[in-house]
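Generate coordinates for the sequence data below:
(chains A and B)
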Amino acid sequence: MKRLLLLSLIAVTLLLFYGCGTKPKPVEEVPPVEETKPQIPAEPKVETPPEPEIKKITESDFMIVYFDFDKYNLVDSAKRALDQNAQILKENSSIIVQIEGHCDERGTIEYNLSLGEKRATSAKKYLKDLGIDDNRLQTISYGKERPVVFGQDEISWAKNRRDEFKIISQ
Amino acid sequence: MKKSIILAILIFCMFLFYTIPAAQSVRDVRGRLTEKTSYEPTKIAIEETRYVGIDYITANDSIIMRNCAAILRNDIDFSPFFEIVVIDSFLMKHMEIDEMNLLAWKWLGSAYLVRLEAEFPENKIRLKYRLLTTESEKEIKKDQYETDKKDYRTLVHKIANDIIKALTGDDGIFLSKIVYIRQVNGDKEMFISDYDGYNERQLTFNKSINISPAVSPDGEYIYFTSFQDGYPKLYMYSLSSNSSDLIAGYPGINASPAVSPDGKYIACVLSKDGNSEIYLLDRKGKIVRRLTNSWAIESSPTWSPDGKEIAFTSDRTGSPQIYIMDAEGLNIRRITFEGKYNDSPYWSFRGDRIVYVSRDKIFRVCSIDVTGRDYKVLAAIGDNENPHFSPDGNHIIFSSNRLGPQDIYIMDLFGRTQTRITAKGNCSNPFWMPYKK
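Numbers count the residues shown, from 1 in each chain, chains lettered A, B, ... in the order given. Alright, predicted model coming up:
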């Protein structure tokens, strides 16, 4: 009877470890556990490895996506940034983000509000095409109302034409 | 030999005489527009205010008196049809007179003269004016007004309106107000002030971003976009109750309102279907009709004064340009072809022209005929934004960063006399309110 229990225990842990894709070596370390309640400590043990991956994703982990003047199409560097952001979203399937579209100070307030909206939605569409559920992607446009840099030169403007990712819920 | 030299000198002199007048006309301050729109503004003089009270005058009251004359001169000079005649002591000495009289004003070319008299009963100011012609010393109009001392500016604006009405038959705009956005502690709040920038009052206190005010034709409601709820939604501010109500809070942006001339509809930009399109809402915010249908950005609708057409910005050709459509959304036609970036149209109250901004390194204020002809640059210093007409159609209000900080400026229809009316910067989105009935 006790043997049967032990056997089934081994089978369960084996299955668990197999599912995690870890090396078979730790499986051999399990058998020494002979008590009847190792199932409880065994489970957190299995869960611990992915924990460093979940390690609190913050907004700074998301790349900022930059745009050209009066444009909302994604240039190659913007796509690379979005690929990285998609990776984070794939690995952390519970995160819901808000994509903020921003513009530089040139052009009118009203037009830039629409342009920022376009920038946010083009990022959303790209991520959706990469397989991210669009329920996890909210958008908002701030137009030119929230610049990060206040200079009046091309470098400052370039930094303000952007999509920022804000975490709504983890 | 000698003859030929004389001849050469003669020809040279002729050449000089020929070119000098030409050079002078180019230097004319009133600029390129004078050829077509030339008129001589009528000259008018406004004398210093005379004290007619019994008591000794206080220092404060004498300052008010001096300001009264200055404000009145500023108002009348603001009208493109009048020009204030100024006089200094040098000129008076030259003319060998001690005091300006009607004849002296006439010598200076002034057609009319305004005389002001003030007294200060208790804490009030009583201001009398007399409008005279210098030609026959005929009195055209006289009246007197009384108010609290602190409201003396309003009193003077009222007199300015009377004078304009008496001389042109038009309603003066000097009691009209302007609405604009000013940045306060990082937030953008809505403000109201007199047309000359005085008597500023803050309307919103929601500590968020408020933009794009548009006033209903009755001057009662201000429609604007606010982020007070986190997202850009459309609100209506009532000037009688000093409170705002949510009008449209569809997903995406709810922006760029424009009230129809009959006050029944609001054209605005919604992106609820994933892309900025122009919609027609009723006063309560219910969607009446979607007007545009394209993948491009549509923005900044403005109504023709008869309410039959709407001009707007669209980037359907790859860059923002100005288009006109019927109020039903049909018959769309492009009117701007000059420049790669044209935006922010506003239809004149006379209906013939549209004022807008055009980018050529800097953002300039331009105007164009509604048929797309006769394009003119009106303001080309610094970056300029959101031009709007005054209710009488004689002036244009806009924001500009020409001196560094962004402030509100006013110029006349032809781009002359560009004057800053706000200080301290961070001002945008001006809208000139209709006359208050």
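
Spell out the secondary structure type for B:Asn161.
With DSSP: H, G, I helix; E, B strand; the rest coil as the basis, B:Asn161 sits in helix.

ugh, typo on my part, it should be B:Arg316
Once three-state DSSP is applied, B:Arg316 turns out coil.

Okay, now the unreliable bits of the chain?
Let's take chain A. When residues are selected by pLDDT under 70, those of chain A lie in A:1-55.

look at chain B instead
In chain B (pLDDT under 70), the answer is B:1-39, B:89, B:97-98, B:436-437.

residues in it within reach of chain A, list them.
B:188, B:209, B:211-212, B:225, B:227, B:230-232, B:252-253, B:255-256, B:269, B:271, B:274-276, B:297-300, B:313, B:315, B:319-320, B:341, B:343-344, B:357, B:359, B:363, B:383, B:385-386, B:428-429 (CB under 8 Å from any CB of the partner chain). Just so you know, the C-beta spots here come from the backbone N, C-alpha and C atoms, and that holds for glycine as well.

Let me see the ranges of the strands in the stretch 251-400 of chain B.
If DSSP state E, counting those that start in this stretch is used as the criterion, the strands of the stretch 251-400 of chain B fall at B:254-259, B:265-270, B:277-282, B:287-290, B:298-303, B:309-314, B:321-326, B:333-334, B:342-347, B:353-360, B:362-369, B:376-379, B:384-389, B:395-400.

when you scan the longest helix along chain A, is anything in it near chain B?
Of all segments of type helix in chain A, defined using DSSP state H, the longest is helix A:109-129. Yes. Helix A:109-129 reaches chain B (CB under 8 Å from any CB) through A:Ile109, A:Glu110, A:Tyr111, A:Leu113, A:Ser114, A:Leu115, A:Glu117, A:Lys118, A:Thr121.

relative to strand B:342-347, how tilted is that helix?
Angle, helix A:109-129 to strand B:342-347, by axes from the mean of the first three to the mean of the last three CA atoms, to 10 degrees: 130 degrees.

Give the pairing partners of the next helix-or-strand element following helix A:109-129; include direction for each.
Going down the chain from helix A:109-129, the next helix or strand is strand A:137-143, by DSSP states H and E. According to DSSP bridges, strand A:137-143 forms sheet pairs with strand A:96-102 (parallel).

List the buried residues of the partner strand.
Residues of strand A:96-102 classed as buried: A:Val97, A:Ile99, A:Glu100, A:Gly101, A:His102 (neighbour count, 16 or more other CB atoms under 10 Å in any protein chain shown).

between those, which is nearest chain B?
Distances from chain B to the buried residues of strand A:96-102, taken as CB to the nearest CB, are shortest for A:Gly101 (9.7 Å).

any idea which element B:Thr225 lies in?
Using DSSP H and E, B:Thr225 maps to strand B:221-226.

Summarise which helices and strands that strand is packed against.
strand B:210-215, strand B:233-238, strand B:254-259 (3 or more CB pairs under 8 Å, 6 or more residues apart in numbering or on different chains; DSSP states H and E).

show me where the stretch 1-150 of chain B has helices.
Counting by DSSP state H, counting those that start in this stretch, the stretch 1-150 of chain B has these helices, from start to end: B:2-27, B:34-37, B:59-78, B:89-94, B:102-107.

Show me which positions of the third one end up buried.
Same thing as helix B:59-78. Across helix B:59-78, burial judged by 16+ other CB under 10 Å covers B:61, B:64-65, B:68-69, B:71-78.

Now distance to B:Asp55 too, for the buried residues of strand A:96-102, in CSV please.
Formatted as CSV, the buried residues of strand A:96-102 follow (distance: CB to CB, whole Å):
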residue, distance to B:Asp55
A:Val97, 72
A:Ile99, 70
A:Glu100, 64
A:Gly101, 65
A:His102, 62
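
Would you map out the domains in chain A?
Annotated domains of chain A cover A:2-49, A:59-169 [automatic domain parsing].

What number of residues are in the vicinity of the nearest residue to B:Val184 once chain neighbours are set aside?
Once flanking residues are discounted, B:Val184 sits nearest to B:Gln202: 7.5 Å by CB to CB, 6 or more residues apart in numbering or on different chains. Per other CB atoms under 10 Å in any protein chain shown, the neighbour tally for B:Gln202 reads 11.
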